[in-house]
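[1] got a predicted structure here, sequence first:
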Amino acid sequence: MVEASKHWFEKACSHAPCNTLIHPWTQKCTDATASMLMSCIKGSYKFYAMVYLIQILMKGKKLGKQEMIEQFKLYLKSGIFGLTVGSSFVTLNCIFRALFFSKFSYYTTVLLPCTVSGLAVYFEPPYRRVMVVNLFVNLVFEYWLRTLEMKGWLRRSPGKETFIFMLGSAAFFYLMRLERENTKRTPLFWFFTPPRVSKEVGEPVIGIKGRSPACPHKGNCINYVLKGTAQLFGVGCLMTTLRTILPRILTPTKALKSLRLSHLKLGLFFGGYIGIYRLVICLLCRTYGKDSALYALPAGFFAGAALRASPSTPIALAPVTSSFQILGSWAYQKGMIPEHWPLVELLYCLCQGLLFHARVMHEDVCPRYIINLMHTVTSSKADEIQAAFIQRILRTL
Ligand SMILES: [Zn+2]
Ligand SMILES: [Zn+2]
């Protein structure tokens, strides 16, 4: 793949007319805007159909009629967000080029218009903005990590990623347990939410039977630990199975044959993560006869080791990002950040500009998720634009 450095990009593309660079499929800027809009309406609603479906499934309960209507309204709004971001790239570039810059430059071609179009995040309700920012900040961390690796400054490895995940999980679970006492909670999207700190106190418990009065659950501890493990193990396996079988749904025998033992890995991670967490919490409650938010530190740390079964860079970084999110929401509530500052929205704009810039200029280190996202939302128009960029640069080399 080609890495478009500032030098090569400007040498190859700065004098190109916008129809060869930004909308290679049509001559006229107005036609380009219209066709891009159509592609993005289709792509954006397709993308969000998947997102909303997964979200409803993850909630794990049937929706009433009123909730269905509510979800559908949110779906329509999210779609507008996606199609505005996707389609405005072409239009903003044609306008910027005609009005302000007579040529394309490294920073004003993707970074600037995509930072501006991030303002479309206002179509989403505030709690969804927070979640989208969390996702994008995490992707920026991944992008930086990949960049450092490409420059030879560090090497990613499953062992190192697991260690980061262990430290991150320790901090994140501790903050989540403190956050449970908060009345204005920030929306978090995680495998499971730890129960609030129990106020009951009792004598230490010896042996493995029953439960300690301080345990943050009903029933006995063994059941509690095993039930969580089995449930999330099932969810993990189901997700992998669906991902493997769905593309081959028309050839059922082939689909079943494609299942392997290695497909249990995600299940092992999910199940191990919750199982170890619950086990450590219960052991501590039984030993000391009282519960404390601090128990989340060792519990989260050891639970994090489960990621070794199914290593992943974005997941390794996720608890760190979400810890920042909780700290950020506390800073807002304590008045350290003035309430009227649109920090979330600005952060989103910056992340979007940076990531889309990476998609076009530094494809090698761009997170996979962004490449797929742009492909889906623009109905593959993004790939056409990308190909035009690369071709021009290759011709100059
Ligand atoms: Zn144009
Ligand atoms: Zn227990």
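    Thanks, I have the structure now. Ligands and ions are numbered 1, 2, ... in the order given.
[2] alpha carbons only for contacts and neighbour counts from here, please
    Noted.
[3] nearest residue to the middle of this structure?
    For the chain, residue 135 is the residue whose C-alpha lies nearest the centre (C-alpha atoms, centre = their mean; 3.4 Å).
[4] quick check: phi and psi on residue 201?
    phi -130, psi 150 (degrees, to the nearest 10).
[5] the residue of the stretch 251-397 of the chain found nearest ligand 1: which element?
    Proximity to ligand 1, evaluated over the stretch 251-397 of the chain using C-alpha to the ion, is greatest for residue 385 at 12.2 Å. Per DSSP states H and E, residue 385 falls inside helix 381-396.
[6] so which bits of that helix are buried?
    Neighbour counts over helix 381-396 (16 or more other C-alpha atoms under 10 Å) mark 381-383, 385-386, 388-390, 392-393 as buried.
[7] which residue is the nearest non-sequential neighbour of the residue of the stretch 101-250 of the chain found nearest ligand 2?
    Closest to ligand 2 within the stretch 101-250 of the chain is residue 221: 3.9 Å, counting by C-alpha to the ion. Spatial nearest neighbour of residue 221, excluding adjacent residues (C-alpha to C-alpha, 6 or more residues apart in numbering): residue 211 at 5.4 Å.
[8] look up how far residue 271 lies from that neighbour.
    21 Å (C-alpha to C-alpha, to the nearest Å).
[9] what does the stretch 101-250 of the chain put close to ligand 2?
    Within the stretch 101-250 of the chain, the residues that sit near ligand 2 (C-alpha under 5 Å from the ion) are 215, 221.
[10] could you list the low-pLDDT ranges of the stretch 101-250 of the chain?
    249-250 (pLDDT under 70).
[11] show residues contacting the helix or strand where the residue nearest to the centre of the chain lies.
    Using DSSP H and E, residue 135 maps to helix 126-150. Helix 126-150 has contacts (C-alpha atoms under 8 Å, 6 or more residues apart in numbering) with 121-122, 154-156, 186-189, 313-314, 317-318, 321-322, 325, 344-345, 347-348, 351-352, 354-355, 365-367.
[12] and the pLDDT at whichever residue of the stretch 51-200 of the chain sits closest to ligand 1?
    Closest approach between the stretch 51-200 of the chain and ligand 1, counting by C-alpha to the ion: residue 94, at 4.1 Å. Per-residue confidence at residue 94 stands at 86 (pLDDT).
[13] what about it, how many residues nearby?
    Residue 94 has 21 neighbours, counted by other C-alpha atoms under 10 Å.
[14] what strand or helix carries it?
    Per DSSP H and E, residue 94 falls inside helix 65-99.
[15] which stretches of the stretch 151-300 of the chain form helices?
    Counting by DSSP state H, counting those that start in this stretch, the segments of the stretch 151-300 of the chain that form helices are 158-179, 221-245, 252-257, 265-288, 296-303.
[16] name the nearest residue to the residue lying farthest from the centre of the chain, sequence neighbours excluded.
    What lies farthest from the middle of the chain is residue 203; by C-alpha atoms, centre = their mean that is 43.0 Å. Leaving out its chain neighbours, the residue that sits closest to residue 203 by C-alpha to C-alpha, 6+ apart is residue 289, at 5.1 Å.
[17] before I go, just wanted to say thanks for your time.
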